[in-house]
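Novice: 3D model of this:
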Amino acid sequence: MNETFLFVFLLIWGIPSSYFRSKFRKIIYETDDWKINIKPVFKKELTGLFLNIYPNNKEYIKSRYYYRIYLFIYIILFIIYIYIDEIDSMF
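Specialist: I've put the predicted structure just below:
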């Protein structure tokens, strides 16, 4: 039961991913074109996520902060989902 609930929650939590990633990528690649969402360019995106490539751009800093928090929670949920059997056996 816990595994199913966590799986559904993980899927629901993944829905806003497209919004956060789209907004972040449009700032990073300095475009409003929708095709940036389907292009597999990652180097500048990862650099922008972990470093500060636009230090004076408040929208970039805010978007990066929210995207980082979102991804951090997503990773935590995914790790819990992977190890749910071990966690259940401990209790």
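
Novice: Let me know the secondary structure of the most centrally placed residue in the chain.
Specialist: In the chain, the C-alpha nearest the mean C-alpha coordinate belongs to residue 71, at 3.4 Å (C-alpha atoms, centre = their mean). The three-state label given to residue 71 by DSSP: H, G, I helix; E, B strand; the rest coil is helix.

Novice: For residue 21, see how far away it is.
Specialist: Residue 71 sits at a distance of 9 Å from residue 21 (criterion: C-beta to C-beta, to the nearest Å). To be clear about C-beta, it is placed using only N, CA and C from the backbone, and glycine gets the same treatment.

Novice: hmm, back to that, can you tell me how far the residue nearest to the centre of the chain is from residue 56?
Specialist: Taking C-beta to C-beta, one finds residue 71 at 24 Å from residue 56.

Novice: tell me, how many neighbours does the residue nearest to residue 87 when sequence neighbours are not counted end up with?
Specialist: Spatially, and ignoring its direct neighbours in sequence, residue 87 is nearest to residue 80 (7.0 Å; C-beta to C-beta, 6 or more residues apart in numbering). Applying other C-beta atoms under 10 Å, we find 14 residues neighbouring residue 80.

Novice: Would you mind naming the helix or strand containing residue 80?
Specialist: helix 58-82 (DSSP states H and E).

Novice: ok, so what distance separates the nearest residue to residue 48 once chain neighbours are set aside from residue 35?
Specialist: Distances taken as C-beta to C-beta, 6+ apart place residue 28 nearest to residue 48, at 4.4 Å, with adjacent residues excluded. Residue 28 sits 14 Å away from residue 35, going by C-beta to C-beta.

Novice: higher neighbour count, the two?
Specialist: residue 28 (21 against 7).

Novice: mind checking how far residue 63 is from residue 56?
Specialist: Distance from residue 63 to residue 56, by C-beta to C-beta: 14 Å.
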